[in-house]
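K.L.:
Sharing a model prediction with you, sequence too.
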There are 2 protein chains.
Amino acid sequence: MQCCWQNQTLICDGVTLSRVLKPNPKTLGKPATIKDVASHAGVSYQTVSRVINEHPAVKAATRVRVENAIRVFNYHPNGAARSLVSQRSTTLGIISFGTAFYGPSQMVASIEQAARGRGYGLSYANLAALSISELTDAIKTLRRQNVGGLLIVAPLLEVETASLDNLYKNLPFVLIDAETSAKHPFSAIDQFAGGRLSAEHLIALGHRKIALLSGPQTWYDAKLRNKGWRTALHNAKLEPVQDVAGNWSAGSGYQVTKQLLEHHKFTGLLVGNDQMALGALRALHEHGLRIPEDVSVVGFDNMPETAFFEPPLTTIEQDFASLGQRCLEQLIALIEKPELAPRMQVIVPKLIVRSSTDVPKTQPSAVKVKN
Amino acid sequence: MQCCWQNQTLICDGVTLSRVLKPNPKTLGKPATIKDVASHAGVSYQTVSRVINEHPAVKAATRVRVENAIRVFNYHPNGAARSLVSQRSTTLGIISFGTAFYGPSQMVASIEQAARGRGYGLSYANLAALSISELTDAIKTLRRQNVGGLLIVAPLLEVETASLDNLYKNLPFVLIDAETSAKHPFSAIDQFAGGRLSAEHLIALGHRKIALLSGPQTWYDAKLRNKGWRTALHNAKLEPVQDVAGNWSAGSGYQVTKQLLEHHKFTGLLVGNDQMALGALRALHEHGLRIPEDVSVVGFDNMPETAFFEPPLTTIEQDFASLGQRCLEQLIALIEKPELAPRMQVIVPKLIVRSSTDVPKTQPSAVKVKN
DNA sequence: GTTAGCGTTGTGATCGTTCACAAAACAGCG
DNA sequence: CGCTGTTTTGTGAACGATCACAACGCTAAC
């Protein structure tokens, strides 16, 4: 190989390899641009653009030269410039609510995973409260980030969504685990099926006195799970002993169960999520009741801790990873070819049986056996 | 008020209020731009820019007219164009790891909250594994989103961070709860102090045989908590009965405690987080040990569920909200006036005493009392 | 030796906004 | 009225990339 410096330019076998950088005072300190890379590699900026976009029409030797220059300058393409001119964005927005709870936080994590795999970034906004003003604020924030679409992991009622049509304008979105309707595209885990599954489990074991401890009825999930429970009970010609609601937290599960025990007798307890179930277990224990001998308990979510509750909890497992994957694909389809995008997708959950449920061993009532 | 339409223009009291929109076929369907708004309000685009940036030099009447036009067009400023020309970004990147665990997920949530309050958006990347390639990938993804800085909630060792200097170039960042060093700016909760606090609590109660159940030693937090425990023990002239590690999960807490119980006797157990403590409680129960009579247990994190464990868990509370706030301010300072930004910030955690700890009532050993 | 065709590279316009500066409008004062 | 100073508004040039198109250098065919 024959190399020589000629006029501040390194030439090997007749090919310009690199030029001496003249540190432009205006450019100093700023991140490198496509033009810096281009002049260093001795090509036009368009060629550099082709290399970073993996366009095939670039000679191998040129590509190598450009790639070297990119490395030398630590060049990163400027996303703002890119999405400004190309009129599309590689960022999606995600709006979530209640990330202190297992379900929502798992959904966000799995969606992020899926998005990065597909080359999309994620802009994140968590709602501090379930109000229109918070939602408006979140959408505005995300719009400013120039997101190409929205994934909404929040139990919003359709009314609320509809009232925001203006905000959503020109911005495709997918509702996740929210009010079902044919009006807006959505993805969800079939909470109704999950509810039925857990109630049918207790019924099959022989329970006749079953109490319901729902999540907050402002949440779509909570309502549907409840509906699933009631449908299964109804099919077995049973009425719930009582139907109460907590706020998803272990604390509320504890308190509501305590109240429940004062006035009602039951051998089965269906709970809206695992965290409330934890509180319920504690209240039952304090009341001197054994689980599952006196009362069988079923949770919802299958968070990893439930296997170590006292006793290990029977619960419903939801496949969040595949939900994340699917709703992402749905949104991308909606952006790229709206007419072909699926309107709705539903995933069926699974029953996980552990030792918190068994056939009712005591009389069909919750006997007080204060130790 | 005198209003009339004149030449397709609405004029009230001599002031042009709005013009009829001529739907430009090229503009059709696309989101409105600053120019659409300007021509509708009868001003120049610069004036519109002034209004959306709350510049004071705009006459009240003009401002109202522009704001109306903005509403009419459902105009949202284009963030890409904005950050392209102004060379700054209102988006920050957050890199997290282990969001299945309480600590990391709380930090992310509180940082997002703080960011939106300060007018910043957040781009989110969660590491699937703690590897250089994952981190590299995440940083590249965030760079493409044109983030103005990085918040890194990951227990990276300094070595790893340093090896990425190139990737971080021109991009200010704050490490959160990561390897301390004067080299990079960071914010953290004082895990060492937390560790000492919990160990000193057991020692003050009179425990002499104390076992340690740490988190994974690849995590900075786990190492420092362990160091805190050991320092407190050392100061009391004690040696840990045994020092073992889990992987933060309840399952690992359960298994490791089972092994521990086969070979060692202790009256106190210090655990690296609440989830492992849950598993440990279960293992102790299965072994026929009473808590706190036979063994006292201290967790770490104070996740809301711990108050409903069997028994309610003594643990260490960390103020994630104020950590989020502070590290955000630190990053913003780093971006806006680097020379004035604080290098490091540390928040001291708090002991929460519940019923899982008490004075040792049995002989100073873990007696097997299989029921 | 033209001409056509292909692979490769370069040029000018463009995206929607902000910035620096200039110009207009208005008020106050002698 | 003319001068000055302060508001208020407008103009041209950037920012860093992509897109559409044009032009170049080869090889192959007539």
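P.N.:
Yep, that arrived.
K.L.:
Now do the same contact list for the residue most central in space within chain A.
P.N.:
Centrality entry for chain A: nearest residue to the mean C-alpha point is residue A:107, 2.3 Å, by C-alpha atoms, centre = their mean. Contacts for residue A:107 (C-beta atoms under 8 Å, 6 or more residues apart in numbering or on different chains) come out as A:96, A:153, A:176-177, A:320, A:323-324. Placement of C-beta: from N, CA and C, glycine included.
K.L.:
what's the helix or strand for it?
P.N.:
helix A:102-117 (DSSP states H and E).
K.L.:
Averaged pLDDT, the following helix or strand past that helix. What do you get?
P.N.:
Downstream of helix A:102-117, the next assigned helix or strand under DSSP H and E is strand A:121-127. Mean pLDDT, strand A:121-127: 91.
K.L.:
sorry, back to before: next, the angle strand B:121-127 makes with the helix holding residue A:107.
P.N.:
Between helix A:102-117 and strand B:121-127, the angle comes out at 90 degrees (axes from the mean of the first three to the mean of the last three C-alpha atoms, to 10 degrees).
K.L.:
Can you give me the buried ones in helix A:102-117?
P.N.:
Within helix A:102-117, the residues that count as buried by 16 or more other C-beta atoms under 10 Å in any protein chain shown are A:102-116.
K.L.:
element containing residue A:94?
P.N.:
strand A:91-97.
K.L.:
ok, and the closest non-adjacent residue to residue A:341?
P.N.:
Among residues not flanking residue A:341 along the chain, residue A:333 sits closest, at 3.8 Å (C-beta to C-beta, 6 or more residues apart in numbering or on different chains).
K.L.:
Could you give the average pLDDT over the helix or strand harbouring that neighbour?
P.N.:
Following DSSP H and E, one finds residue A:333 within helix A:320-336. What helix A:320-336 shows for mean pLDDT is 91.
K.L.:
Could you do stretch A:34-50 as well?
P.N.:
The average pLDDT for stretch A:34-50 rounds to 94.
K.L.:
so how far is it off the chain centroid?
P.N.:
Between the centre of stretch A:34-50 and the centre of its chain there are 40 Å (C-alpha atoms, centre = their mean, to the nearest Å).
K.L.:
in it, what's buried?
P.N.:
Applying 16+ other C-beta under 10 Å to stretch A:34-50 flags A:34, A:36-43, A:47-50 as buried.
K.L.:
what's the burial count for residue A:279?
P.N.:
Number of residues near residue A:279 (other C-beta atoms under 10 Å in any protein chain shown) recorded here: 26.
K.L.:
still on that earlier bit, let's have the contacts of residue A:107 in TSV, adding neighbour count and distance to DNA strand D.
P.N.:
Listed next are the contacts of residue A:107 as TSV, based on neighbours: other C-beta atoms under 10 Å in any protein chain shown; distance: C-beta to the nearest atom of the strand, whole Å:
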residue	neighbour count	distance to DNA strand D
A:96	22	31
A:153	29	31
A:176	29	30
A:177	24	34
A:320	21	34
A:323	24	31
A:324	24	28
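K.L.:
what's the closest of these to DNA strand C?
P.N.:
residue A:96 (26.7 Å; C-beta to the nearest atom of the strand).
K.L.:
Pretty sure residue A:152 sits in a strand.
P.N.:
Yes. Looking at residue A:152 with DSSP: H, G, I helix; E, B strand; the rest coil, it is inside a strand.
K.L.:
Quick one, grab the pLDDT at it.
P.N.:
We have a pLDDT of 90 for residue A:152.
K.L.:
about what we covered before: who does the helix holding residue A:333 touch, helix- and strand-wise?
P.N.:
helix A:102-117, strand A:150-153, strand A:173-176, strand A:186-189, strand A:344-347 (3 or more C-beta pairs under 8 Å, 6 or more residues apart in numbering or on different chains; DSSP states H and E).
K.L.:
That one to helix A:102-117, inter-axis angle?
P.N.:
Using the same axes, to 10 degrees: helix A:320-336 against helix A:102-117 is 50 degrees.
K.L.:
So, low pLDDT: which residues of chain A?
P.N.:
Residue ranges of chain A with pLDDT under 70: A:1-29, A:156-169, A:179-182, A:362-371.
K.L.:
Domain map for it?
P.N.:
Listed by automatic domain parsing, the domain ranges of chain A are A:3-77, A:88-180+A:328-336, A:191-318.
K.L.:
ok and the helix holding residue A:333 relative to strand A:91-97, angle-wise?
P.N.:
Computed by the same axes, to 10 degrees, the angle separating helix A:320-336 from strand A:91-97 equals 130 degrees.
K.L.:
Please point out which parts of helix A:320-336 sit buried.
P.N.:
Applying 16+ other C-beta under 10 Å to helix A:320-336 flags A:320, A:323-335 as buried.
K.L.:
May I have that helix exported as CSV, CA atoms only?
P.N.:
Written as CSV, here are the backbone C-alpha positions of helix A:320-336 (Å, rounded to 0.1, in the frame of the first residue of the first chain):
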residue,chain,number,x,y,z
PHE,A,320,-47.8,-8.5,29.9
ALA,A,321,-44.9,-9.1,27.6
SER,A,322,-47.0,-10.2,24.8
LEU,A,323,-49.5,-7.5,25.5
GLY,A,324,-46.7,-4.9,25.2
GLN,A,325,-45.5,-6.5,22.0
ARG,A,326,-48.9,-6.5,20.5
CYS,A,327,-50.1,-3.0,21.3
LEU,A,328,-46.8,-1.7,20.0
GLU,A,329,-47.3,-3.5,16.7
GLN,A,330,-50.8,-2.2,16.6
LEU,A,331,-49.6,1.4,17.0
ILE,A,332,-46.9,1.1,14.5
ALA,A,333,-49.4,-0.3,12.0
LEU,A,334,-51.7,2.5,12.8
ILE,A,335,-48.9,5.0,12.0
GLU,A,336,-47.6,3.3,8.9
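K.L.:
Would you enumerate the residues in contact with residue A:330?
P.N.:
A:174, A:185, A:187, A:341-342, A:345.
K.L.:
Closest one of these to residue B:299?
P.N.:
Minimum distance to residue B:299 across the contacts of residue A:330 is 36.1 Å, recorded for residue A:187 (C-beta to C-beta).
K.L.:
number of nearby residues for the closest one?
P.N.:
27.
K.L.:
Can you give me the distance of the closest residue in space to it that isn't next to it in sequence to residue A:188?
P.N.:
Excluding its sequence neighbours, the residue lying closest to residue A:187 (C-beta to C-beta, 6+ apart) is residue A:327, at 3.6 Å. Noted for residue A:327: a distance of 9 Å to residue A:188, by C-beta to C-beta, to the nearest Å.
K.L.:
check which helix or strand covers residue A:253.
P.N.:
Using DSSP H and E, residue A:253 falls within helix A:250-263.
K.L.:
name the helices or strands packed onto that helix?
P.N.:
Packing partners of helix A:250-263 (3+ C-beta pairs under 8 Å, 6+ apart): strand A:210-214, strand A:243-245, helix A:274-286.
K.L.:
again, 10 Å this time
P.N.:
strand A:210-214, strand A:243-245, strand A:268-271, helix A:274-286 (3 or more C-beta pairs under 10 Å, 6 or more residues apart in numbering or on different chains; DSSP states H and E).
K.L.:
Going by neighbour count, which residues in that helix are buried?
P.N.:
Buried positions in helix A:250-263, judged by neighbour count with 16+ other C-beta under 10 Å: A:250-258, A:260-261.
K.L.:
Pull up the residues of the stretch 251-371 of chain A that are close to chain B.
P.N.:
A:251, A:253-254, A:274-283, A:285-286, A:303-312 (C-beta under 10 Å from any C-beta of the partner chain).
K.L.:
Show me just the buried residues among those residues.
P.N.:
Buried, going by 16+ other C-beta under 10 Å: A:251, A:253-254, A:274-283, A:303, A:305-311, out of these.
K.L.:
how about the helices in the stretch 1-150 of chain A?
P.N.:
Counting by DSSP state H, counting those that start in this stretch, one finds helices in the stretch 1-150 of chain A at the ranges A:34-41, A:45-52, A:60-73, A:79-86, A:102-117, A:132-144.
K.L.:
Ok, which of those comes nearest residue B:125?
P.N.:
helix A:102-117 (6.6 Å).
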